[in-house]
Structures are given as C-alpha cells and as structure tokens.
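Chemist: Provide a 3D model corresponding to the input given below.
(one chain, ligands or ions: 1)
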Amino acid sequence: MDPTTYVRESTKRVASQAEHVKINAQGIASLADKLEQVYLGQKDTIHDQIAWDFGDVHYFDDAKENGPLTCQYVFVLDALNFCFWPTPDMEYEHLARGLKHALKADPSVFNADRLANVDEPTVASWFAPFTPPQLDERVRKVQELGRGLARFFDGQAINLVRQANYSAVELIRLVLAHFPGFQDHAVYKGNQVFLYKRVQILVGDLWAAYGRRVVQKDDPSTHVICGFYDIDHLTMFADYRVPQVLRPEGVLEYSSELEALIQAKEQIPFGSHMEIEIRASTIQAVEQLHAALVVKGHKIKVIELDWLLWQIGENAKESLPFHHRTLSVFY
Ligand SMILES: Nc1nc2c(c(CN[C@H]3C=C[C@H](O)[C@@H]3O)cn2[C@@H]2O[C@H](COP(=O)(O)O)[C@@H](O)[C@H]2O)c(=O)[nH]1
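Modeler: As a prediction, this is how the structure comes out:
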C-alpha cells in the first residue's frame with residue numbers, strides 16, 4: 001500500500017460527495033493562468049521562490065555533510081507543526097526559528113533521550129515569546145518521537161530515513177508505523193479518509209532541508225541521504241492556509257452555512273463533514289491545479305506548488321478572508 005494513493009483515492013471520494021465545499025473548474029483554470037503569469041512564466045520551476053533558507057527560519061547547518069542534526073531538527077519541527085492560529089500573531093516560522101536557536105545553543109537538545117523526557121517549560125520555550133495552545137499535547141508528541149527513535153532507530157531520525165532506502169513512500173510508511181501522532185486520518189460517511197499532512201510535510205521538509213537532491217532508484221551512484229526517487233508521489237499538505245488562498249480565487253466554493261461559521265470565527269469541529277470536506281477538496285483542487293500547470297508545460301512538483309500557494313497565503317494573510325478554525329493535532 002502506498003499511503004499517498006490512500007490520500008488521493010479517499011479524498012477524491014469525499015470531494016465527490018461533499019455538501020459544503022465544491023471545486024470550481026473555471027477557478028482552477030484561471031488560477032493556473034495567474035500562477036503561470038506571475039510566478040512560473042519567467043522560470044520553469046520555483047526553486048528560488050520557496051527555498052528552505054527563506055527568511056533565515058530553518059536549521060540546516062550539517063545538511064551538506066549529510067549530518068544527522070538537520071534530520072533530527074526536521075522531525076521535531078514537524079512533530080509540532082500544527083495549530084498556530086489560536087495564539088494571535090504566532091506563526092510556523094516562530095516554531096521553526098525557536099527550534100533552530102535551541103539546537104544551535106545546545107546540539108544535544110534533540111537527542112532521543114532528551115526528547116523522550118521533555119517537559120512543558122522546555123517545549124514552551126521553543127515557541128517563545130508566544131505560548132502555544134495544547135502544550136500538554138505538544139509535549140506528548142515530542143516524547144512519542146523521542147521514545148520511538150530511542151527504541152527502534154538507535155535514537156537517530158537519520159537511521160529511520162536510511163531504512164527507507166531513498167523512497168519517500170517507504171519513509172511515510174515507517175513514520176506512520178512508529179509514531180501514532182502522525183496518523184492523520186478521519187471517517188467520513190462511514191469511509192476512512194487519509195490526509196497525512198504532517199508526515200508528508202516531514203518528507204517534503206527533509207528533501208528541502210538537504211537541498212532537494214535528485215536520486216534514481218536503480219542507480220546507486222546517485223543515492224544520497226534525504227534524496228527520494230519518488231518524491232513526486234506526495235500530495236499537497238492539507239493545512240488551513242492553502243484553502244484560505246483557494247477560496248477567494250474561486251477554486252473552492254463554500255456553502256453559505258460554512259461561510260457564515262468561518263466569517264463569525266466559529267470553530268469547525270474536528271472530524272465534522274465541513275472540516276473533512278475542506279481538507280479533502282483542497283487536496284483534490286491542488287491535484288487538478290497541478291495537472292493544469294503540467295498540461296501548460298511546467299515541470300513543477302505538487303509539493304512545490306503547495307509551497308508556492310502557502311507562501312502566497314503567508315504573504316497575503318492579513319487581506320485574505322478568514323481561514324477555518326479547527327482545534328487539531330494534525331495541521
Ligand atoms: N500546505 C502547507 N502548509 C504549511 C507549510 C508550512 C511551512 N512550510 C515551509 C517549510 C519549508 C518550505 O520552505 C515551506 O515554505 C507550514 N504549514 C502549515 O500552515 C498552517 C498555517 O501556518 P501559519 O500560517 O504559520 O499559521 C499550519 O497548519 C502549518 O502547519 C507549507 O509549506 N505548506
């Protein structure tokens with residue numbers, strides 16, 4: 001089983017049955033044109049648009065030497081990469097930078113035994129000056145990571161990555177098998193739906209952090225750590241920022257009931273039809289947007305399109321309509 005196939009197939013079924021969210025084909029076509037003109041026209045890929053070293057946010061000191069610390073950093077980052085919206089002004093970048101500073105100050109801070117026994121004040125310090133919601137939950141996610149790495153991978157996330165043998169899909173399987181906190185799925189009208197946002201963004205972030213390395217499955221001379229021959233299998237990462245971008249572009253259309261809840265900043269319950277339909281339709285809409293760009297001749301990966309849409313959302317978040325607000329541990 002390829003977990004990314006489970007994501008595509010199960011979200012396609014949700015999108016076809018959705019009552020509160022519709023994908024508009026005309027919106028897809030016009031956004032594809034817009035992205036082509038504004039972002040993709042002058043260059044065929046977006047590498048310099050969205051890079052791991054944007055804004056001096058991330059740690060990657062030992063990536064060039066294939067070191068283990070960048071890998072450990074990304075695993076901690078994406079174990080915590082969820083639900084920033086309840087704390088005013090707190091963003092993903094505050095976490096990414098906070099973890100980077102912690103690691104530079106103490107290279108042993110993310111050792112598996114330290115993670116396995118991490119306490120609330122330590123985790124809170126990684127979000128300074130903000131206090132994140134769900135602090136006890138975030139401690140549990142870090143401890144789970146530390147315990148799993150200590151028990152199965154000699155304490156090092158890079159050993160888990162090695163075991164995936166340059167396959168992004170196998171890496172997703174290994175993370176899902178060992179860390180329940182990444183098992184981002186739901187049940188919609190009696191069918192299981194797989195979103196797998198943090199486990200996929202973990203793989204995308206590892207690939208970005210180590211320099212977007214290209215490896216060929218059957219050519220061992222190209223094999224290098226955090227290079228993945230099947231990185232194209234990944235879907236977009238079902239967060240709350242990208243749907244916020246797609247809605248005013250006319251790509252996603254919400255029911256008046258859903259619009260009213262979002263406009264009133266009401267919480268949309270985790271696992272509700274509305275929440276699952278937003279996330280599943282966003283994945284499907286980005287798949288369709290990606291297909292439209294490929295037809296236009298652009299060699300862009302789904303995850304690069306995701307990063308582009310997310311960055312557009314980050315840059316415009318004050319002027320965009322509100323995003324949906326779900327208290328989740330997955331995104
Ligand atoms: N779909 C998607 N969602 C992403 C990211 C990222 C960061 N990725 C960067 C890292 C390496 C690359 O260079 C990317 O630029 C964070 N999020 C999610 O957004 C949400 C909003 O967070 P905020 O706006 O801060 O509050 C939150 O659920 C967070 O988990 C992404 O890329 N795609």
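
Chemist: what does the stretch 51-200 of the chain have sitting close to the ligand?
Modeler: With Cβ under 6 Å from any ligand atom as the criterion, the stretch 51-200 of the chain meets the ligand at residues 52, 54, 81-82, 84-85, 91-92. Glycine gets a C-beta too; all of them are placed from N, C-alpha and C.

Chemist: ok, of these, which one's closest to Arg213?
Modeler: The closest of these to Arg213 turns out to be Trp52 (Cβ to Cβ; 12.1 Å).

Chemist: so that closest one is in which element?
Modeler: Counting by DSSP states H and E, no helix or strand carries Trp52.

Chemist: ok, now which ones touch it?
Modeler: 58, 60, 205, 208-209, 211 (Cβ atoms under 8 Å, 6 or more residues apart in numbering).

Chemist: tell me how many other residues surround the spatially closest residue to it that is not a sequence neighbour.
Modeler: Excluding its sequence neighbours, the residue lying closest to Trp52 (Cβ to Cβ, 6 or more residues apart in numbering) is Ala208, at 4.2 Å. Residues contacting Ala208 under the criterion other Cβ atoms under 10 Å number 24.

Chemist: ditto for Asn165
Modeler: For Asn165, using other Cβ under 10 Å, the count is 12.

Chemist: cool, Val74 as well?
Modeler: Using other Cβ under 10 Å, Val74 is surrounded by 31 other residues.

Chemist: just Arg147 next, same as before
Modeler: Around Arg147 there are 17 residues (other Cβ under 10 Å).

Chemist: please name the residues that touch it.
Modeler: 112, 115-116.

Chemist: what's the answer for Pro180, then?
Modeler: Contacts of Pro180 by Cβ under 8 Å, 6+ apart are Glu144.

Chemist: which pLDDT value goes with it?
Modeler: Reading off the confidence values, Pro180 has pLDDT 98.

Chemist: on that earlier part again, between which two of the residues of the stretch 51-200 of the chain next to the ligand is the distance greatest?
Modeler: Between any two of these (Cβ to Cβ), the greatest distance is 23.6 Å, for Trp52 and Trp85.

Chemist: lowest confidence element among the helices and strands of this protein?
Modeler: When the helices and strands of the chain are scored by mean pLDDT, DSSP states H and E, helix 302-316 comes last with a mean of 94.

Chemist: could you export the helix or strand Val187 falls within as PDB, CA atoms only?
Modeler: Val187 is part of strand 185-188 when elements are defined by DSSP H and E. Only the C-alpha atoms of strand 185-188 are listed here, as PDB (Å, rounded to 0.1, in the frame of the first residue of the first chain):
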ATOM      1  CA  HIS A 185      -7.000  10.300   9.100                       C
ATOM      2  CA  ALA A 186     -10.700  10.600   9.700                       C
ATOM      3  CA  VAL A 187     -14.000   8.800   8.900                       C
ATOM      4  CA  TYR A 188     -16.400  10.500   6.500                       C
END
